[in-house]
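[1] Below are the sequence and a predicted model; questions follow.
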Amino acid sequence: MNRHILQYQPAHKRLIVLGVTSKWAFAAGTVILALKRHNPNLKSDLLIFHDGQLKPQDKQIFTDLGCHLSHGSYRSNSLAENILKIFSPLALSKFLCFELLEFYEKIIWLDSDIIIQDQIDELWDYGPFSLAKEDPEFYEMRKPKTAKINFSAPSIPSLPEFDLNAPNYNSGVIVFGQRLSNPKYYLDQCYRYLDATKEINRFADQGAFNFLAQILKQEKSSEWQELPIKFNCHPRNQASLYAPIVHAFGAYKLWNDGLTQACFPEWQRDYLRWIKLGGSGWMGEVENQNYLNQGCFALLTKFFDTISQSQTLIDKLTKQIQIEKLTNAKLTQIIEKFKDL
């Protein structure tokens, strides 16, 4: 047990966990702001695993929002060099949730490229190990992918029991529970998967959790429960308008794609709240910026700009009227004097 990952006294029996690098602090901050806004009675601790490079102002904001921070340890040597160039080893911090079950009855992992749009109380009812199938609306022709998508080889000889043609589960939202009979065994199976697929891994944590889901279905079916897609809905899915959790997995995120941003003005609002608090923002490029001038948030901004311009004009006219009244009063006085002559 990595006891150093929990450097605080738990205040609740439930925990929500995120993991971010310093470059994505704003993403986690936006999630936390939306989470607390939609769930004002959230009785859960909040923990953020990070890469040890968070900026001081971001650390302070997270702390002010009630988050605990941990530079957790994970087996980064389980990832090949080519994968480390694309993905942060922080993805493996999801595995630490198995260890945190010593302290919490229920744990929810949330990726940082999600949008919280509603209460998530129902999520706590799932588990003790739950994921949702990957939303097929992400793909052309809406054809779902299989677990094979998680690696770059047609087979895994050292893991013959892994059904590569089984449905693929997305690891962006995961529910863990203490009813798992042997968390250490399941953690070991995740690392076993990583060791067997190190050179062919594409989505290391997701592949491991797909492997684990298959083990649970076969060995402990009572400990597995599939999450509804509404808790891991892709922005391309029309149902994302009403989904409690929208997950922008893939290359286009909420911060680097103008079209996705325009479709979710709520995310823009929470992002601006984070910036207003003094948090660091997205420093990369934004594709499809032209859509930002057409979305709801842009229209609302233009609306308020129009109000502001109208108010400025009203103030100007009011001052002009006051000047004209004074001028008129002076002229009246002069006229009255000439009448007396």
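    Received the coordinates, thanks. Computed from a prediction, not measured in an experiment: that's the story for all the values here. Numbering: from 1, shown residues only.
[2] From now on I want contacts and neighbour counts done on CA atoms only, so please keep to that.
    Fine.
[3] Tell me where this protein has strands.
    In the chain, the segments counted as strands under DSSP state E are 14-20, 45-50, 67-70, 106-110, 114-116, 129-133, 169-177, 245-247.
[4] so can I have TSV of these showing distance to F209, mean neighbour count and mean pLDDT?
    Formatted as TSV, the strands of the chain follow (distance: least, C-alpha to C-alpha, whole Å; neighbours: other C-alpha atoms under 10 Å; pLDDT from 0 to 100):
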stretch	distance to F209	mean neighbour count	mean pLDDT
strand 14-20	16	22	96
strand 45-50	19	21	96
strand 67-70	22	20	96
strand 106-110	13	25	98
strand 114-116	19	27	97
strand 129-133	9	24	97
strand 169-177	7	25	97
strand 245-247	17	26	97
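[5] Can you read off the pLDDT for T306?
    If you check T306, the pLDDT there is 60.
[6] Then N288?
    89.
[7] Number of residues surrounding it?
    13 (other C-alpha atoms under 10 Å).
[8] again, but for P154
    Neighbours of P154 (other C-alpha under 10 Å): 10.
[9] One more: G281?
    Counted with other C-alpha under 10 Å, G281 comes out at 17.
[10] got it, and L331?
    Count around L331 with other C-alpha under 10 Å applied: 12.
[11] now it: how far from K325?
    L331 sits 10 Å away from K325, going by C-alpha to C-alpha, to the nearest Å.
[12] beta partners for the spatially closest residue to P128 that is not a sequence neighbour?
    Excluding the flanking residues, the one nearest P128 by C-alpha to C-alpha, 6 or more residues apart in numbering is G177, at 3.9 Å. Beta bridges link G177 to K106, judged by DSSP bridges.
[13] Enumerate every residue touching G177.
    L101, Y104, E105, K106, I107, G127, P128, F129 (C-alpha atoms under 8 Å, 6 or more residues apart in numbering).
[14] rerun at 7 Å
    Counting by C-alpha atoms under 7 Å, 6 or more residues apart in numbering, G177 touches L101, E105, K106, I107, G127, P128, F129.
[15] domains of this structure?
    Listed by automatic domain parsing, the domain ranges of the chain are 3-285, 295-340.
[16] ok so, going back, what is the nearest of the contacts of G177 to D58?
    I107 (23.7 Å; C-alpha to C-alpha).
[17] And the closest one, how far from I16?
    Distance from I107 to I16, by C-alpha to C-alpha: 6 Å.
[18] And Q119, by the same measure?
    In terms of C-alpha to C-alpha, Q119 sits 14 Å off from I16.
[19] Please apply the same query to R192.
    Counting by C-alpha to C-alpha - R192 and I16 are separated by 26 Å.
[20] ranges for the helices of the stretch 201-341 of the chain?
    204-219, 258-263, 265-276, 296-340 (DSSP state H, counting those that start in this stretch).
[21] In TSV, list those helices along with distance to I245.
    Below are the helices of the stretch 201-341 of the chain laid out as TSV (distance: least, C-alpha to C-alpha, whole Å):
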stretch	distance to I245
helix 204-219	18
helix 258-263	14
helix 265-276	12
helix 296-340	20
